[in-house]
Each structure stands twice: as C-alpha cells, then as structure tokens.
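Peer 1: Requesting a structural model of the entry that follows:
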Amino acid sequence: MAPTPVDGVGPILDSPLDSNDFNPVQLINAAFPNEQSLASIDLVLSKLRAQVTAMDRELRTLLASQTDAGAQSAAELQHAQQSIMALYERIRKIKESAEQSERMVLEITQDIKSLDHSKKNLSVTLTVLKRLQMLLVSSEQLKQNAARKQYLECSELVQIARHLLIFFKPYRSVHRIASLYDYVVNLQVEIRRQIFRDFEGAFVGGGLKNAVQKLRESCTVIEVMEPEHKKQLTDWYCDSQLKDYRSIFRNNPEVAGLDNITRRHAWLKRLLKLYDEEHAQVFPPEWNVGELLCEKFCQDTRKDLVEVLAKTDNNMDVKVMLQALQSTLDFEGKLSQRFNGPATSATQASFLETDDGGAVSSSTESVAPQVPGSKFQRIMSEAFEPYLRHHINAEDKTIQDMVDGYRSKPIVPADEESVLQSSTDLFMFYRQSMLFFSKMSVGKPFWDLSRMFGKWLRAYADVLTAKFPKEDKKSFTDDDFVITCLVINTADYCYSTTSQLEEKLQERIDPAFKTMVNFSNESDTFLSVAANGVRVLVRGVENGLDPSLNLMTRKQWGGIQSVGDQSDYINQIATSLRGMVGTIKSSIPASNSKYFKNFCDKFAESFLARFHGSIFKCRPISEVGAEQMLLDTHALKTILTQMINVNSEESVAPPQTYIKILTKGVSRVEQLLKVVMNPVDPPEQLISTYMALFNDPSVANFIKAIELKGLKRPEIQALVEVFQQQVGVDHTAPTGLPLSNNNALLGSTAPGIAAFKEAFSSSSTAMNLGGSTFKGFQGFGVGSSNSNSTNTMAQSLSSDSGSGTLASAPNMSTGTTGLNAGSRSPAPTKAKEDFGSFMLRKMTLKVPGATNNSGSK
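Peer 2: Reported below is the predicted structural model:
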C-alpha cells in the first residue's frame, strides 16, 4: 500500500525548513507528489500553523530571559568593583605595618652591629700586633744565626719571615711596618750574599772538605728563598766548573777539532767523577746539579761544534765527521741513561770510564741507545745534521761504484742462485746504511738518503734490463734462458723488497716526512723489467722454433695424397719446446710461478699467430694437405696444452685463461684450413662454408683465402663472380686491409710479430695489404694493427685515372718491413702486375656505378 502525503509531512518538515538553501517548491512537491495527496492539504496546513505557533512561543521566552540577564550582569559588575577597592585598602594597611616593624627592628639591632664592628677591629689589631712581634723576634734571631752561620735554624726563620712579609705587604703604608719590612728583606739579601761567599771560598779557595756540612745546610736556606736564587747558585757552580773547559777547547784549535771530540767527553767524565765523589754531597739530590752541569756542557759543546763544522765544511773529512758524530751519539745515549734511565751502579760505572780520545768504531752497535724524551737526546749531535750531506754523497759514490760493477760484470748462471747476488748485496748495503743513518738523523737528511736510494734502485733496474739478450739475437742458448729467468726473479725480488724498504724508512723517519717517502715508481719499474723478461723469453722460444716453421713451409702441401700421422715439423716443435720450456720452468722458482704462467699465455698467443701466418707461405695446399695440416694443428694444441706441465711431478689442469687463449688461436687456424679443405666444385658450397666461418663480404679477403688452394687465375675469377652474385660486393668495405680483425692477438705479441710480418711480405704472391686492420674478417690475417699504414687496395680503387686500369700498388718486397706504418715503396714503371691487383682491377671494371676520383664511371 503506497504511503499517504500526511505520513511524509513529519520527516520533510524536520530538516528542510532549517536548511540555508530551503526551496519551498521542492518541499511542496515532496509533500504532494500526485493529485490524490491534495486531499490531505488541510491537515498539512494545520501542522504547519502549530509549528509556527510553537516557534513564536520559544522566541518570546528567549527574549524575556535575555532581558533579565542584562540587568543581573550589571549588578554583579558593580559588586566586583566594590570588592577590589576593599582588597586594595587591606594591602595598603599591611604595607604600612611592615615598614613600622622594620623601623623597630633597626632601632633594636643598631647597638648590636656597633659591638660586632668593634670586636672585629680589635681582633685584627691583636693579630697584627702579634705577628709584628713575631717578625721582630724572627728577624733578630735570623740575624744572630746568620752571623754564627747556623744555616739550619736560618732556613726555618727565613721561611717564617717570608710568610710574615706576605702578610704585612698591604700595611707598608705604615711607616714603622715599612721600615721593618725593608729591614727583613735586606737581611735576606745579605744572608744570600754570605752563602755565595761561602761557596766561592770553598770551591775556589780550596776549603771544600772542611765546609761541606756548612754548604749543605746553606742550600736549605737557598731552597726556601726566591727560586731565582737557587738558579743563580747552580749557574755559578756550573760556570765555575766549566771555565777551564771553555778556555782549553775554545782557545786551542789543536784540540777543538772533530778528531778530538772524545777528549771533550773524557773531560766531562772526569768532572762528573769529581762531582760524584766530592761535590754531590753539597747539593740536595732534588736539585739535579749533576744533570744541569752536563746540560750546560752539552750546550757549550754544541756551540763549539757548529763553529768547527762551519770552518771545515769545504774540506770535510767524512770519516772523521762520522766518527765524531757516532761518538757524540754514544755519549748522548750514556748521558740520557745516567740521568733519565734506571739508576744502577753498573750504568754509572760504565759511563764514568774515562776515554782519552781513541778511534771510534764504525759499527752502529757501539752507539748507546737514548732514552725517549730525555733532554740529552740529540742535544749535541744536532749540530752535525746540516753536514750529513757529505755522508750521503759518500754513500752515493759507494753505491755508484757498486752499480757500475754490476753493469760491467757478466752473469755466470753457475755462480748465481734463484736471484742475482748483486741484488741481495745492494739491499743489504741499503739496510746497513739506513740503520746507521737513522741513529744520526731522522729528519730531512734521512729523507735525502731515501731519495738517493730511489735513484739507484732505478739505475739498478736499468742494469737488469741490460742483462737481457740483445734484440738482434736469433738463437738463444740455455744460458740465455737461465740468465733471463734470473733477471725476472731478481726483478720480482727487488719489487717486494723495495716495498719493505719503503715501510722501514717510513717507520724510522720523522712524521713530517713520512708521506714523502714513496717508492711506487721504483716498484713499477721492477715490474716492468719482469714483464720485459717474459717478452724476451717468448721471443727466444719463438726464435728457437723458426727451423720447425721453415720445415713446415718447405713441405709440398699440394702433393700430399693421404693423411698420416703428425708431421715431422710438429715432432720437432714438441722436442724443441720440451727443452726450452723445461729450462725456463726449472729456472723460475715455484714462488714466482705467476711469471711462468704469464710466459705460457704470451707464448701461446704469439706463436699461434706466427703459425697462422706461416700457412700463407705453404701454398698451394691441397684438400688432403689441409686435412693433414688440420691434424697437425690439433697435435700442436695438445703439445701447447701439455707445455704447462713440463718437468712437473704431478700434472695439473691448465688455467682457464690459458685454455681460452689457446682455443682462440687454434680456432683461427682451423677456420682457415676448413675453407681450404672444401672442394671448389660446386663453388656455392665453398662460398657458403666461407661465409659461415667468416661472414665477411670482402672480395679481397675471399681471394686471399682461396689463393691457398693454388687455383689458376680463370678459376679464381670464376669463383669471384659466383661470390659476387651469391654474397654481393661490399663496395664500402676496405678491401685492401688484412684478413684478420684480431688486433689483440697480433698487436700484443711483439716477440714474434716482426718475423711474422717479414714472412708474409716475402710471399711471392702476397698482395700489398698495407698495415691497417680490417674489421670484417674474423678468421685470419697478416697485417699489424698500425692505423698509420697505407690502405693500398682502397687507394688503388679510388686513384683510377679513368683509363680502365687499376693504379699500381706499393710493393712489399722480401726483406723489407713493408707492413710498418708509412713504409711505402714506389712501384716499378713497367713491373708485371701481380695476381691480386689483376683480379681487383677486373672486378673494379665490372662493378656497376664505380667511379674514379674525377667522377667518371
């Protein structure tokens, strides 16, 4: 049943009427949605009127309540103001009462304060009078005891008088007190003078034995006086004892020289012996008069040494200077042990042994160690530091003579061990020199010494480099291999020992120079020597395998009818490698096995490139010959794989790096031989095999590969035409470039690449491929990675003068270095055109759209 309009009026009227956006039309439409609902309109109107009436009543009630609240608020405000006025009046009355109470208290306590001040002033007066009496009595007693030289009593009275004088210092404005104050001060001065006169009479007049007790007691008086009085007394004593020393060694040049430095030390030892036996009883032990006497002696000696060294600087006798310095260092060490080390009777007896100036040993063991932090540390030897350059120059000359001897002396393997004896001798000399010099100085001269060490380390590295066999030596003997390995071992030993030398120098040098000691360049130099030695070994072994490769190239590969066992040249390679590599491995100790592994890596990389190049000198190669050569290649791989275990008791697996290098080099050879093994008929199969292996559209490289088969010109031309049709000519490819893109292989094997280039350039049908690297042919190649060489084929194609012929390319004659950068030989005027140039000219004429430099087709 649908709801009636009356049922929905209540909810509608509750909220819409209170809304700010009230819309009466919406309300009416909601209350009367249809015509039937109009029947209840009267009921709706009655409800609305009732609601309006209720709201009117509510408004009247609220208005009445607000009117009554205003009157009530005014009454409450007036009452609050009256309460504040009453509170203010009460506060005022309380303040007046407090002031009245304070006045009453002041009147009561005024008399008490007066009495307190009187008591305090009376107490101060009594104290002043009592202490004034004490000052008078003590001054009189002090005067009497000083006259009788009763210094023990005087010391107590002086101490009392000093305290009283401090108390009376603010009262010096009183005449009587000021007079008494000055009297006591002057009395102390007079007592000090009297004590000084007693000391002069005892030490200068010769009455010390009878005055020891009195002088010891007088020191107690000096102790309680001003501190400068004690310093004056000890300075006077030291000056009086050193007076003869200064007159003897400063005014007499004969005994003031460096060669008489021990006489100075002996003089102080005799003086200290006298001090210990007679004078030490006079002074209190805590005064350290003996240490002060030695300190002043060292200061005077240092001044003398500075003058003597300055006079002899131009004609310095290094040996005498070092002996004097060593004696001085030893004397300083003994002084520091006597006064700052553990006090033992043995130490004192050892120090007091007199020395009349004998020769000083050059051994650093005779130098007594110094106590850290002692005042005698380098107190005299510091004067020698600016002149240690003479010793460094002498050491420099000694090392120069040693290095010159190493340079001129040949290496005899039988006389050497795993490293050259010269290296151990050099570092032993460095060690002794460093230890000796560190006792003399650890400052700038020590840094200068380290720089001198670095200079001769670099020179010794040059000496090691000069011991390698000469570059032009073709045949290496066993001694050559052993000497090269000795140099490699020595360079590695020098590398590690140089790092240790750097650490030892940094430990001993002054912290200000620690970061300046750096032998990284010298260490890198020795590493470079070892790396050069590995390259020399590679070159020597490759040269030893040249006869085997020559035997390979002389073999008639085009006439082989069947595949047999591995060829004789492979057996010869295995025999030669076993001997040479065995000598190398036995000459490199196990601790340096990294160099043998590096040698194997470099040799495998270089020799396989050389073997690859020798294939081009073996043409023509028949299909069966290529199979035989492929068999030999696998045998060679086995030989090279086993090479790393030569002379080994237990076989170990070759390193993965070596296997990768070996696999890469052998793969290049196998790819080339697989092309040669492929029959010419049908040509599409040959070309497909070639592209599958090399993926190279270059015509020049394709010609180079098929030339190994010994084909005639018409056959090659036919194959080229099929190659052009099947693959398409790559006009943008640099067809005059070498066949290989393996720059790392050819460029990093310096020992064998020169001979490889020479072998390839001497081939009777070799094309002039220049020296640039071709990047589209991954299988094999004969050029170097020198980008400055001439791209002969590309230049020939672009230099056509329009006559329909190809310009002549530079020749690469036998015995020349035509593959080197910029080495171009002029072509003969009427020389016979080689086959490669002929084929390229034919192809150039057939290429549609080819242009010369002038733009003609």
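Peer 1: Buried residues, the helix or strand where Arg197 lies. List them.
Peer 2: Using DSSP states H and E, Arg197 falls within helix 175-203. Under the neighbour-count criterion of 16 or more other C-beta atoms under 10 Å, helix 175-203 has 177, 180-181, 184, 187-188, 191-192, 194-196, 198-199, 202-203 buried. For the C-beta atoms, the positions are set from N, CA and C on the backbone; glycine is no exception.
Peer 1: Farthest-apart pair in those, please.
Peer 2: Largest separation among those by C-beta to C-beta: Ile177 and Phe203, giving 39.7 Å.
Peer 1: Show me what the helix or strand where Arg60 lies is packed up against.
Peer 2: Assigned by DSSP H and E, Arg60 belongs to helix 41-147. Counting contacts by 3 or more C-beta pairs under 8 Å, 6 or more residues apart in numbering; DSSP states H and E, helix 41-147 packs against helix 9-14, helix 151-168, helix 175-203.
Peer 1: go again using 10 Å as the cut-off
Peer 2: If you count contacts as 3 or more C-beta pairs under 10 Å, 6 or more residues apart in numbering; DSSP states H and E, helix 41-147 packs onto helix 9-14, helix 24-31, helix 151-168, helix 175-203, helix 208-224.
Peer 1: got the angle between that helix and helix 24-31?
Peer 2: 120 degrees (axes from the mean of the first three to the mean of the last three C-alpha atoms, to 10 degrees).
Peer 1: Let me see the mean pLDDT of helix 41-147.
Peer 2: Taken as a whole, helix 41-147 has a mean pLDDT of 85.
Peer 1: cool, stretch 286-302 as well?
Peer 2: 93.
Peer 1: Report how many residues lie close to Val412.
Peer 2: 9 (other C-beta atoms under 10 Å).
Peer 1: same question, Gln432
Peer 2: Residues lying near Gln432 (other C-beta under 10 Å) number 12.
Peer 1: where does it land in three-state SS?
Peer 2: Put simply, Gln432 is helix when judged by DSSP: H, G, I helix; E, B strand; the rest coil.
Peer 1: Look up how far Arg451 lies from it.
Peer 2: 18 Å (C-beta to C-beta, to the nearest Å).
Peer 1: How about Lys504?
Peer 2: Taken as C-beta to C-beta, the span from Lys504 to Arg451 is 15 Å.
Peer 1: re earlier: reformat the helices and strands packed on helix 41-147 as a markdown table; add distance to Arg713 and mean pLDDT.
Peer 2: Formatted as a markdown table, the helices and strands packed on helix 41-147 follow (distance: least, C-beta to C-beta, whole Å; pLDDT from 0 to 100):
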| stretch | distance to Arg713 | mean pLDDT |
| --- | --- | --- |
| helix 9-14 | 113 | 46 |
| helix 24-31 | 108 | 80 |
| helix 151-168 | 127 | 90 |
| helix 175-203 | 123 | 90 |
| helix 208-224 | 122 | 89 |
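Peer 1: what about the protein, any weak spots by pLDDT?
Peer 2: 1-17, 341-372, 728-857 (pLDDT under 70).
Peer 1: picking that back up, can you name every helix or strand that the helix holding Arg197 contacts?
Peer 2: Other helices and strands packing on helix 175-203, by 3+ C-beta pairs under 10 Å, 6+ apart, are helix 41-147, helix 151-168, helix 208-224, helix 227-250.
Peer 1: ok and the shortest one relative to helix 175-203, angle-wise?
Peer 2: Between the direction of helix 208-224 and that of helix 175-203, the angle (the same axes, to 10 degrees) works out to 150 degrees.
Peer 1: now swap in the first one and tell me
Peer 2: Between the axes of helix 41-147 and helix 175-203, defined by the same axes, to 10 degrees, the angle is 60 degrees.
Peer 1: Could you count how many residues lie near Asp401?
Peer 2: Applying other C-beta under 10 Å, I find that Asp401 has 10 neighbouring residues.
Peer 1: Give me the distance between the helix or strand where it lies and the centre of its chain.
Peer 2: Using DSSP H and E, the element containing Asp401 is helix 389-408. For helix 389-408, the separation from the chain centroid amounts to 29 Å (computed by C-alpha atoms, centre = their mean, to the nearest Å).
Peer 1: just stretch 654-670 next, same as before
Peer 2: Relative to the mean C-alpha coordinate of its chain, stretch 654-670 is positioned 38 Å out (C-alpha atoms, centre = their mean).
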